[in-house]
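>>> For reference, the sequence and a predicted model appear below.
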Amino acid sequence: MIGSIFARRISSRLLLIGFVNLLVLAAVSVLGYRLTFDYVMNERMANLRTLSDRGVQVLTHFQALAAAGRLAEDRAKAQAVALLREMRKGDENYYFIDDYGLKSVLLPIRPDLEGTDVSHFRDSTGLYYVRKQKEIAQSGGGFIAYEFYRADVEAAGQKLSYIQPFEPWGWFIGIGVYLDDVHRQMALYIWRALALVIAVAAMSGLSIWLVARQITRPLAQLRLAIPQLRNAALTLPALRRNDEIGDIARSLASYRATLLENDRLQAALLSREQEERRRREEEKARRYRNALRLEQTARLVTSGEVALSIAHELNQPLSAVHHYCEGALSRLEKDTPDLPAIRGAMERASTQARRASQTIARLRSFLDRPSEHFAACSLAELVADVMRSAGETEGLADLRIENTIPASLPAFHGDPILIQQVLFNLIRNGVEAATRPDPRIRISARLRDDGLIECRVRDDGPGVPAEHVPRLFVAFVTTKSGGMGVGLNICRSIIEHHGGSLWHETPDEGGAAFCFTLRREGASDAESGLSD
């Protein structure tokens, strides 16, 4: 009978839901009590272990002083005990020490027992807790629960202590906490949880009764009206309600008209969806075509930059090849040609020609597959190669380069040839700006906090005039009589292609500094902003 009532009546089902919710709330309260109690106990135990470790550290410190001969052992023990006597919180959190002979060494709340035999101490359960503490210490340390008197109180209280051995002096040290406050805290939790359950139950019961009354009465009226839907004079109840029952009443009132209107709306909706889908596909195709045109335009712009870069970058290696060939020819015209010198000149010419070839290849691949030649590269080794190339380049033979890049700097991810071109261009700019006959270039690098490698190239020239700084990286803008004004612009394009940035700084000590960043090997593309 009870089952049939719960199966038929909504109000009964709502009452059942309320009853189940009440049981769940009670179960959650019990579980919360258990979890809270475990949490509080674990927190107290962790705190005891921490405090016990501090006590052992104090003993270890004074024992080390005694072992080093800085203190007599008796004096070290006395000072350690005195310090631990002061390290307490109130009258209940205090350190106590016993030796393996079961004599009390430190007991702040009962100093009269210090130095006496405490092996006979036991609590109301018959536990000889000092003996048990010794066993725990000899096994490496641990927790022990027992009864012990409070400070200035005759009644004993349940206490939890953590014991650790201190073998050098044959002692074991402990610190404990009384559990009465934990039980008081949990009792307060129980009363609060019980009050919450009662309040929730009362509110839930009242809410369920009101909701059931608001639902069952109009539903009964609608049930009686359904057989009379064909009657044109029928007035359905609950039409003005704004909840689900009102929706049901209005749906019944417009049942026939709704079927036809629904078919019409479905057809219109389908047509609209097809039109919207076609529009989205056309928009997608248009955007794709625009993207292709933008990419083609970008490739054309980059092609112009590469053409200028080839002309700009090949000048030095081809000049060096010409210089070495001229030197070799002048030696060949002598009666006794210096073959080793000629061979060295031709090898250096071959190196510069190979450098020119690699420059062309890399700059061409910069358009087709920009990241094809990317690999892990050592910035220190790359700078060393640039220094060697500078020593073999006309006009840079007297150049002094100070390389302070640390050997521990991580490798960067990029194309070594392109980065060499950037460094060579910055070095050459620094030399051309120098006013001294023996120009000096300082190159340094560091790993920044954001994971990027920052390289700095500084010269000792007069620096960049303030009016020229805003246009340093603008193409075809130059202050040199024979310059093209594309070097710094191309350098910035290469660095940005590697996911970094290039900028100018004015050091306090004078000169000019150009800095750029590179992506560290192993960093993700999202970190560098690099995409293929």
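Sure thing, it's come through. Quick caveat: nothing in here was measured; it's all calculated off a predicted structure.
>>> Just the helices from the protein, written as ranges.
Assigned helices in the chain, in chain order: 2-8, 10-67, 73-86, 129-138, 180-225, 244-253, 255-332, 339-368, 379-391, 416-433, 487-497, 525-528 (criterion: DSSP state H).
>>> Which one, of those, ends up nearest to residue 516?
Nearest to residue 516, of all these, is helix 487-497, at 4.6 Å by CB to CB. Using the backbone N, CA and C atoms, a C-beta is placed for each residue, glycine as well.
>>> So the residue lying farthest from the centre of the chain versus residue 66, what's the distance?
Centroid-distance maximum for the chain: residue 335 at 72.9 Å, with CA atoms, centre = their mean. Distance, residue 335 to residue 66, using CB to CB, to the nearest Å: 91 Å.
>>> What of residue 447?
47 Å.
>>> When the two are compared, which one has more neighbours?
residue 66 (19 against 14; other CB atoms under 10 Å).
>>> List the contacts of the closest residue to that one other than its chain neighbours.
Spatially, and ignoring its direct neighbours in sequence, residue 66 is nearest to residue 76 (3.8 Å; CB to CB, 6 or more residues apart in numbering). Going by CB atoms under 8 Å, 6 or more residues apart in numbering, residue 76 touches 62, 63, 65, 66.
>>> Drop anything exposed from the residues you listed.
The neighbour-count test (16 or more other CB atoms under 10 Å) applied to the contacts of residue 76 identifies 62, 63, 65, 66 as buried.
>>> got CSV for the residues you listed, with distance to residue 54 and pLDDT too?
Putting the buried ones among the contacts of residue 76 into CSV (distance: CB to CB, whole Å; pLDDT from 0 to 100) gives the following:
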residue, distance to residue 54, pLDDT
62, 13, 93
63, 15, 93
65, 17, 92
66, 19, 91
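>>> Averaging pLDDT per element, find the lowest-scoring helix or strand in this protein.
Lowest by mean pLDDT, DSSP states H and E among the helices and strands of the chain is helix 2-8, with a mean of 51.
>>> what about the spatially most central residue of the chain, distance to residue 517?
With distances taken as CA atoms, centre = their mean, residue 450 lies nearest the centre of the chain, 11.4 Å away. Distance from residue 450 to residue 517, counting by CB to CB: 9 Å.
>>> How about the contacts made by residue 170?
99, 100, 101.
>>> quick one: pLDDT of it?
On pLDDT, residue 170 comes in at 93.
>>> One more: residue 10?
On the pLDDT scale, residue 10 gets 65.
>>> Same check on residue 250?
Listed pLDDT for residue 250 reads 68.
>>> How about residue 72?
Note for residue 72: predicted pLDDT of 92.
>>> Excluding chain neighbours, give the residue nearest to residue 168 in space.
Nearest non-adjacent residue to residue 168 (CB to CB, 6+ apart): residue 63, at 4.9 Å.
>>> Can you spell out which residues form a bridge with the residue nearest to residue 498 when sequence neighbours are not counted?
Excluding its sequence neighbours, the residue lying closest to residue 498 (CB to CB, 6+ apart) is residue 414, at 4.5 Å. Residues in a beta bridge with residue 414, per DSSP bridges, are residue 375.
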